[in-house]
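Engineer: Coordinates only, no sequence provided:
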């Protein structure tokens with residue numbers, strides 16, 4: 001249960017990529033999406049998906065230059 005809450009918190013954050021979530025939890029992007037779908041209200045899930053779909057900060061590969069600077 002605690003891990004699920006942690007995953008939801010990390011996924012909701014704009015600053016934590018799916019790759020970082022995988023490193024910390026072992027869950028793939030599709031598994032994280034499934035957890036979010038099952039545990040959020042429908043409207044919250046839709047809002048979250050719209051926000052993270054294609055967002056470079058949620059995909060480390062798409063945003064390599066940003067992470068190399070840190």
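Structural biologist: Arrived safely. On a predicted model such as this, the values are computed, not experimentally measured, just so you know. Numbers count the residues shown, from 1 in each chain.
Engineer: Phi and psi next, for the one residue sitting closest to the centre of the chain.
Structural biologist: Nearest to the geometric centre of the chain sits residue 11, at 3.1 Å (C-alpha atoms, centre = their mean). Dihedral pair for residue 11: phi -70, psi -40, per degrees, to the nearest 10.
Engineer: roughly how far apart are residue 51 and residue 36?
Structural biologist: 11 Å (C-beta to C-beta, to the nearest Å). The C-beta positions use only the backbone N, C-alpha and C, and glycine is treated the same way.
Engineer: Of the two, give the one with the bigger neighbour count.
Structural biologist: residue 36 (18 against 12; other C-beta atoms under 10 Å).
Engineer: following the host helix or strand of the more buried one, which helix or strand comes up?
Structural biologist: Residue 36 belongs to helix 29-39 when assigned by DSSP states H and E. Heading C-terminal from helix 29-39, the first helix or strand you meet, by DSSP H and E, is helix 42-52.
Engineer: the inter-axis angle of that next one versus helix 29-39?
Structural biologist: 150 degrees (axes from the mean of the first three to the mean of the last three C-alpha atoms, to 10 degrees).
Engineer: Rounded mean pLDDT for helix 42-52, please.
Structural biologist: The average pLDDT within helix 42-52 is 94.
Engineer: which parts of it are buried?
Structural biologist: By neighbour count on 16 or more other C-beta atoms under 10 Å, the buried set for helix 42-52 is 48, 52.
Engineer: same check, this time on stretch 18-38
Structural biologist: 18, 21, 25, 27, 29, 32-33, 35-36.
Engineer: Need those residues in JSON lines (columns: distance to residue 2 and pLDDT).
Structural biologist: Putting the buried residues of stretch 18-38 into JSON lines (distance: C-beta to C-beta, whole Å; pLDDT from 0 to 100) gives the following:
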{"residue": "18", "distance to residue 2": "20", "pLDDT": "92"}
{"residue": "21", "distance to residue 2": "15", "pLDDT": "95"}
{"residue": "25", "distance to residue 2": "11", "pLDDT": "94"}
{"residue": "27", "distance to residue 2": "14", "pLDDT": "96"}
{"residue": "29", "distance to residue 2": "21", "pLDDT": "93"}
{"residue": "32", "distance to residue 2": "16", "pLDDT": "96"}
{"residue": "33", "distance to residue 2": "20", "pLDDT": "95"}
{"residue": "35", "distance to residue 2": "13", "pLDDT": "97"}
{"residue": "36", "distance to residue 2": "16", "pLDDT": "97"}
